[in-house]
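A.B. asks: okay, sequence plus prediction incoming.
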Amino acid sequence: MRILADAFGGDNAPSEILKGCAAAKRAYGYDITLVGDEQKIKACAAHDGTDISGMDILHADGVFSMETQPTALLKEGKDTSMAVGLRALADGAGDAFVSAGSTGALLVGATFLVKRIKGVKRPALGAVMPSATTPFILVDTGANAECTVPMLCSFAKLGDIYMRQILGVENPRVGLANIGTEATKGTKLQIEAYQALSELPDIHFTGNVEVRDIPLGAADVVVADGFTGNVILKMYEGVAKMMSNEIKAMFKKNPLTMLSYLGVKSGMDGFRKKLDYKQYGGAPILGVQKPVIKAHGSSDAYAFQSALRQAADCVNGDVTGKVKEALQREPQSESVGE
């Protein structure tokens, strides 16, 4: 297995990306190809003392800026590390690609360079997130702000396959994010999607899920249009950060509270770890020909290492193959997600 890594994507590139790749190679033995300016990669590794021996380097002159229009990746940005890496993936030079760069550009590249799986009209961005019980996947988290009913049904199928193949959940519970649990709640889109999801034969649809119940483990797959999903994701991250900061401040009030912390330290460490996005890796772009993982833009070495592990899990779990199989079983007159 060979994983292609965008060495210049993200806020902390290339330093933390290289460290994450080195850690993943030590821990898991992955074959890794670093994509980016070869001279700068070697200089950064030497400066930080990061061991990149045993990794290949695929040279790319440019870096795709976060401020650049995503569609520019296909023309003006064709020589950037992201575009070169995605083309290499499409050409068979690797089994998966990981980048912490521009989400929009990565979606454009995954769709038009790596290509969609036949039968998938709109790839979706998934995010694995913690709950009070077990992790769940939220689909879509921003790739498709406006959706149709078939698109939401497609997201449900993609999320179901991911949970089965990667997290080993048998018969995942699929819920539709909504403002109420009743079938008549929501806009026309949610009302019609509820009916359509109820009729899908291979999906365990459990109904609407109110956002307040998502952190409590109400579903294994939460389906939403990209706008709603992104709002849920950002709120989730913000509340988790706020809670972590408030708890830390509470125990630092005075010597007595600091002493009391020692009694609950192990439990607090577990709680913080559960809320830490870094252990979950990144967001898979579901519905394209090969695994493409969007790592968090502010990924440090550990977060990027986790994203590499997630990419390997997608390859080993044959997520794209399972999506193809699922779509082949369905007689369709038009692509899923129209």
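C.D. replies: Received the coordinates, thanks. Numbers count the residues shown, from 1 in each chain.
A.B. asks: residues touching the lowest-mean-pLDDT helix or strand in the chain, excluding its own?
C.D. replies: Lowest on mean pLDDT, DSSP states H and E among the helices and strands of the chain sits helix 255-275, with a mean of 80. The contact list for helix 255-275, computed with CB atoms under 8 Å, 6 or more residues apart in numbering, reads 130, 240, 243-244, 247, 250-252, 279. To be clear about C-beta, it is placed using only N, CA and C from the backbone, and glycine gets the same treatment.
A.B. asks: the residue nearest the centre of the chain: what secondary structure?
C.D. replies: The centre of the chain sits closest to residue 283, judged by CA atoms, centre = their mean, with a distance of 0.4 Å. Using DSSP: H, G, I helix; E, B strand; the rest coil, the structure places residue 283 in strand.
A.B. asks: surely it and residue 126 touch.
C.D. replies: Yes - here residue 283 reaches residue 126: they are 5.7 Å apart, a contact under CB atoms under 8 Å.
A.B. asks: for the stretch 101-250 of the chain, what spans make up the helices?
C.D. replies: Applying DSSP state H, counting those that start in this stretch to the stretch 101-250 of the chain gives helices spanning 103-109, 149-165, 188-198, 226-251.
A.B. asks: and the residue nearest to the centre of the chain, what is it in contact with?
C.D. replies: Shown in contact with residue 283 (CB under 8 Å, 6+ apart): 125-128, 141, 293-294.
A.B. asks: that one and residue 143, how far apart?
C.D. replies: Distance, residue 283 to residue 143, by CB to CB, to the nearest Å: 9 Å.
A.B. asks: state the distance from residue 77 to residue 36.
C.D. replies: According to CB to CB, residue 77 stands 13 Å off from residue 36.
A.B. asks: the two: who's more crowded?
C.D. replies: Taking neighbours as other CB atoms under 10 Å, residue 77 and residue 36 compare with residue 36 leading, 29 against 24.
A.B. asks: what would the contacts of residue 283 look like in JSON lines with pLDDT, neighbour count and distance to residue 66?
C.D. replies: Formatted as JSON lines, those follow (pLDDT from 0 to 100; neighbours: other CB atoms under 10 Å; distance: CB to CB, whole Å):
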{"residue": "125", "pLDDT": "95", "neighbour count": "28", "distance to residue 66": "16"}
{"residue": "126", "pLDDT": "95", "neighbour count": "28", "distance to residue 66": "21"}
{"residue": "127", "pLDDT": "93", "neighbour count": "26", "distance to residue 66": "19"}
{"residue": "128", "pLDDT": "92", "neighbour count": "20", "distance to residue 66": "23"}
{"residue": "141", "pLDDT": "94", "neighbour count": "26", "distance to residue 66": "17"}
{"residue": "293", "pLDDT": "97", "neighbour count": "28", "distance to residue 66": "18"}
{"residue": "294", "pLDDT": "96", "neighbour count": "28", "distance to residue 66": "13"}
